[in-house]
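Asker: would you be able to build a 3D model of this:
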Amino acid sequence: MVSVPELKQADPQKWRAAADDAVAVAKQCDGLASYARQDVARTISRCWVGEAGRTATERFVKHADDYETSALALRAMAKAYDDLADVITAAQRDLNRALDYARSRGLKVDDSGRVQLSHPVVPQGSTEHLDPVNHAQGIIADALSKASRADVERHAPCARSRASPPSPTQNWPRKP
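Answerer: Numbering: from 1, shown residues only. Model prediction:
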């Protein structure tokens, strides 16, 4: 489970930057695919007749297909990183609001997200004094849960390619 300090320190902008880089490389792959298919393959087919020329042309067309496939995979990875950044941004916003709420009501929040009263209260038959604790606890638990799910899900697109996803902080997200 992601902790309060880890979520507070996460930098979703690093994932957005990684997504931008992936899109830029995808555009380069598109350009290379177009060049391999339209220019190189066409030139080879005109200048190199016979079976060897056809084989060379097919090879460049295959390279173009590979570049296009790479571009699609990079765009999918970029979308996953952008989605992750959105989830973490929302979780951070919720966490910070809940921490402000807890602070304004004199509540303590530990690193695990557990909320407690700052001072002991002897209940007199009513549990109303626990309402702010329960409210803050629910929001913090939800924010940490969203961040933890995102931490696990960020590995899904990379698991298929065995690539390692970027980490926006040294401590979090954790590697599985």
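
Asker: CA only for contacts and neighbour counts going forward, please
Answerer: OK.

Asker: before we move on, which element is residue 137 in?
Answerer: Here residue 137, judged by DSSP states H and E, is contained in helix 131-153.

Asker: other residues contacting that helix?
Answerer: Here helix 131-153 makes contact (C-alpha atoms under 8 Å, 6 or more residues apart in numbering) with 1-4, 7, 84, 87-88, 90-92, 94-95, 98-99, 101-102, 105, 107, 113-117, 173-174, 176.

Asker: out of these, which are buried?
Answerer: 2-4, 7, 84, 87-88, 91-92, 94-95, 98-99, 101-102, 107, 113-117, 173 (16 or more other C-alpha atoms under 10 Å).

Asker: and the helix holding residue 137, how far out from the chain's middle?
Answerer: 18 Å (C-alpha atoms, centre = their mean, to the nearest Å).

Asker: and for stretch 96-112?
Answerer: 26 Å.

Asker: ditto for stretch 62-71
Answerer: Distance of stretch 62-71 from its chain centroid, counting by C-alpha atoms, centre = their mean, is 25 Å.

Asker: buried residues in that stretch, which are they?
Answerer: 62-65, 67-71.

Asker: before we move on, what about stretch 33-51?
Answerer: 33-37, 40-42, 44-45.

Asker: mind putting the residues you listed into JSON lines with distance to residue 137?
Answerer: Listed next are the buried residues of stretch 33-51 as JSON lines, based on distance: C-alpha to C-alpha, whole Å:
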{"residue": "33", "distance to residue 137": "52"}
{"residue": "34", "distance to residue 137": "54"}
{"residue": "35", "distance to residue 137": "57"}
{"residue": "36", "distance to residue 137": "57"}
{"residue": "37", "distance to residue 137": "58"}
{"residue": "40", "distance to residue 137": "62"}
{"residue": "41", "distance to residue 137": "63"}
{"residue": "42", "distance to residue 137": "65"}
{"residue": "44", "distance to residue 137": "67"}
{"residue": "45", "distance to residue 137": "68"}
